[in-house]
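K.L.:
Pasting the sequence and the predicted model now:
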Amino acid sequence: MRYISTRGGLAPSAFCDILLMGLAPDGGLVLPEHYPRIDRATLDGWRSLSYADLAFEIIRLFADDIPQEDLRALVSRTYTAEVFGSPEITPVKRLHDGLAILELSNGPTLAFKDMAMQLLGNLFEYVLAKRGETLNILGATSGDTGSAAEYAMRGKAGINVFMLSPDGRMSAFQRAQMYSLQDANIHNIAIRGMFDDCQDIVKAVQNDHAFKARYRIGTVNSINWARVVAQVVYYFKGYFNATGSNDERVSFCVPSGNFGNVCAGHIARQMGLPVERLIVATNENDVLDEFFRTGRYRPRGTAHTYVTSSPSMDISKASNFERFVFDLVGRDPDRVRALWAQVERAEGFDLSDRLEDTATRFGFVSGRSTHADRLATIRQVDAEDAVVVDTHTADGIKVARALRLPGETVVCLETALPAKFADTIREALDRDPPRPAGYEGLESLPQRVTVFDADAEAVKTYIAQALG
Ligand SMILES: Cc1ncc(COP(=O)(O)O)c(C=O)c1O
Ligand SMILES: N[C@@H](CCOP(=O)(O)O)C(=O)O
């Protein structure tokens with residue numbers, strides 16, 4: 001399998017190279033030259049596999065430059081009941097109306113990011129040891145990528161993490177999860193701005209090729225293709241868990257911000273998984289919902305990005321959307337380059353002539369959810385099913401219920417546990433959310449964080465000083 005850039009400027013490259021590369025040198029996102037197609041016999045063979053065995057079968061199609069026995073060992077030690085709480089790794093529960101919830105948040109930091117990040121940590125460690133190299137990760141988080149990355153990388157030899165987060169915009173639990181880590185290889189930097197400002201800095205540093213090479217800068221965001229491919233796996237597992245046979249079709253509803261999670265669903269569908277629809281659920285930051293309803297993409301600036309009670313989705317410039325648009329425009333890198341030049345000029349773009357394709361050929365539909373919807377959904381699911389869902393998953397359930405067709409099997413992706421968003425759960429239910437063991441007193445621990453304006457140069461100086 002060789003990898004190319006959405007903007008056409010990357011010579012076909014191997015998996016282990018793009019793993020350490022992050023953004024392509026032309027500023028585009030990396031994708032495989034083609035998506036592998038899964039035939040019916042293969043799908044039948046995969047139905048009864050454990051999560052780790054299924055992950056190995058899928059990931060080896062993409063990471064074919066890692067010897068198979070090494071990859072199998074690496075995947076097997078990633079997806080264990082000890083780390084993810086049960087042998088199923090991603091169990092499915094049903095609400096009374098038949099809606100299925102795919103549990104993805106039972107890993108160390110209580111959000112779906114652990115599913116991919118735990119693998120990424122082991123992949124980095126493996127490839128860096130083979131090559132005798134080190135890596136300095138610069139990441140951006142709106143709340144969950146940061147902690148998942150820091151927990152996956154803390155104490156790992158040859159890896160430093162510099163994580164940018166929006167100052168004061170995350171929940172108290174999310175802040176404490178990250179800022180209380182005292183490991184020498186973990187550096188938390190709060191940026192006065194929103195997630196998009198943090199991600200812009202990550203991309204600016206990635207596009208400074210001299211700095212990137214000198215300080216060996218890598219990424220853990222979904223900019224990194226390995227993150228996306230690890231997320232493809234749970235669409236297959238969720239499909240098998242929610243159905244009785246491979247003759248059935250399901251739809252997935254995905255709470256979305258940076259479009260990485262649902263992009264993995266798009267890839268699973270392109271590989272031949274029987275997915276009917278991909279339902280994109282946004283919060284009040286509804287740039288993606290607007291696109292899937294109108295074909296117009298109008299990313300907003302920080303001033304028009306709202307701080308909401310599903311803060312991890314407070315994103316207006318969805319990075320992975322570029323990967324989908326690459327497929328939508330027939331994998332034409334010149335077209336993508338031109339469209340993103342318009343985005344850079346804050347003009348956005350209009351692909352309403354492709355709207356029919358987004359729905360019929362690619363299966364996308366969308367909806368949005370507000371604070372009031374979120375509270376109502378949390379209350380409803382608690383009252384009817386005795387399940388407490390987090391604010392992002394509530395956005396997904398609200399949109400899934402609004403758009404579900406008669407007889408349609410819909411799997412909602414649970415993207416975090418409610419313990420991370422206690423203020424909103426208390427507002428909805430007048431009680432605290434359940435808190436898993438081991439997180440008692442988290443918010444009282446001493447915290448360590450440096451605050452900067454949204455300035456890529458200041459971040460580069462900090463990294464250079466920290467690395468000596
Ligand atoms: C809890 C939660 N829900 C939903 C999302 C949105 O996922 P994505 O950015 O992949 O669209 C995120 C952040 O990624 C998240 O942390
Ligand atoms: N919602 C994320 C933001 C970044 O997403 P990623 O998938 O690109 O890492 C977060 O919680 O940090």
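P.N.:
Structure received. Ligands and ions are numbered 1, 2, ... in the order given.

K.L.:
Pull up the residues of the chain that are close to ligand 1.
P.N.:
111, 143-144, 222, 255-261, 312-313, 392, 415-416 (Cβ under 6 Å from any ligand atom). For glycine as for every other residue, the C-beta is placed from the backbone atoms N, C-alpha and C.

K.L.:
Drop anything exposed from those.
P.N.:
Listed as buried from these are 111, 143-144, 222, 255-261, 312-313, 392, 415-416; burial here means 16 or more other Cβ atoms under 10 Å.

K.L.:
ok so Thr109 is a strand residue?
P.N.:
No. Assignment of Thr109 by DSSP: H, G, I helix; E, B strand; the rest coil gives coil, placing it outside any strand.

K.L.:
Leu355 reaches Arg296, doesn't it?
P.N.:
No. Between Leu355 and Arg296 there is no contact under Cβ atoms under 8 Å: 9.4 Å.

K.L.:
The two: which is more packed in?
P.N.:
A count of neighbours by other Cβ atoms under 10 Å puts Leu355 above the other of Leu355 and Arg296, at 18 against 14.

K.L.:
Spell out which residues sit in contact with that one, please.
P.N.:
Going by Cβ atoms under 8 Å, 6 or more residues apart in numbering, Leu355 touches Thr294, Gly295.

K.L.:
Show the subsequent helix or strand relative to the helix or strand encompassing it.
P.N.:
Leu355 is part of helix 355-360 when elements are defined by DSSP states H and E. Per DSSP H and E, the first helix or strand lying C-terminal to helix 355-360 is strand 364-368.

K.L.:
how far does stretch 36-45 stretch from start to finish?
P.N.:
Using Cα to Cα, to the nearest Å, the end-to-end distance of stretch 36-45 comes out at 16 Å.

K.L.:
can you list contacts of that stretch?
P.N.:
If you take Cβ under 8 Å, 6+ apart as the criterion, stretch 36-45 is touched by Met1, Trp46, Leu61, Phe62, Asn246, Met271, Gly272, Leu273.

K.L.:
which of these lies closest to Asp453?
P.N.:
Ranked by distance to Asp453 (Cβ to Cβ), these are led by Phe62 at 38.4 Å.

K.L.:
And the pLDDT for Gly468?
P.N.:
Model confidence at Gly468, given as pLDDT, is 89.

K.L.:
Likewise for Leu43?
P.N.:
Value for Leu43, per-residue pLDDT: 98.

K.L.:
what's the neighbour count on it?
P.N.:
17.

K.L.:
Going by neighbour count, which residues of whichever strand or helix holds it are buried?
P.N.:
For Leu43, the host element (DSSP H and E) is helix 40-46. Going by neighbour count (16+ other Cβ under 10 Å), the buried part of helix 40-46 is Leu43, Trp46.

K.L.:
Who are the packing partners of whichever helix or strand comes after it?
P.N.:
As assigned by DSSP H and E, the chain's next helix or strand after helix 40-46 is helix 51-62. In terms of contacts (3 or more Cβ pairs under 8 Å, 6 or more residues apart in numbering; DSSP states H and E), helix 51-62 is packed against helix 68-78, helix 225-242.

K.L.:
With ligand 2 as the reference, name the closest of those helices.
P.N.:
Ligand 2 lies closest, by Cβ to the nearest ligand atom, to one member of the helices and strands packed on helix 51-62: helix 225-242, at 6.4 Å.

K.L.:
following that closest one, which helix or strand shows up next?
P.N.:
For helix 225-242, the following helix or strand on the C-terminal side (DSSP H and E) is strand 250-255.

K.L.:
quick one, the helix or strand just after that following strand and strand 364-368 angle?
P.N.:
Using DSSP H and E, the next helix or strand after strand 250-255 towards the C-terminus is helix 260-270. Angle, helix 260-270 to strand 364-368, by axes from the mean of the first three to the mean of the last three Cα atoms, to 10 degrees: 160 degrees.

K.L.:
Give me the mean pLDDT for stretch 60-74.
P.N.:
The predicted model assigns stretch 60-74 a mean pLDDT of 98.

K.L.:
interface residues of the stretch 101-250 of the chain facing ligand 2?
P.N.:
So far as Cβ under 6 Å from any ligand atom goes, the stretch 101-250 of the chain lies against ligand 2 at Thr141, Ser142, Gly143, Asp144, Thr145, Gly146, Phe195, Asn221, Ser222.

K.L.:
which ones among these are found in helices?
P.N.:
Thr145, Gly146, Phe195 (DSSP state H).

K.L.:
Quick one: residues contacting the first one.
P.N.:
With contact set as Cβ under 8 Å, 6+ apart, Thr145 has these partners: Lys113, Met117, Gly139, Val220, Asn221, Ser222.
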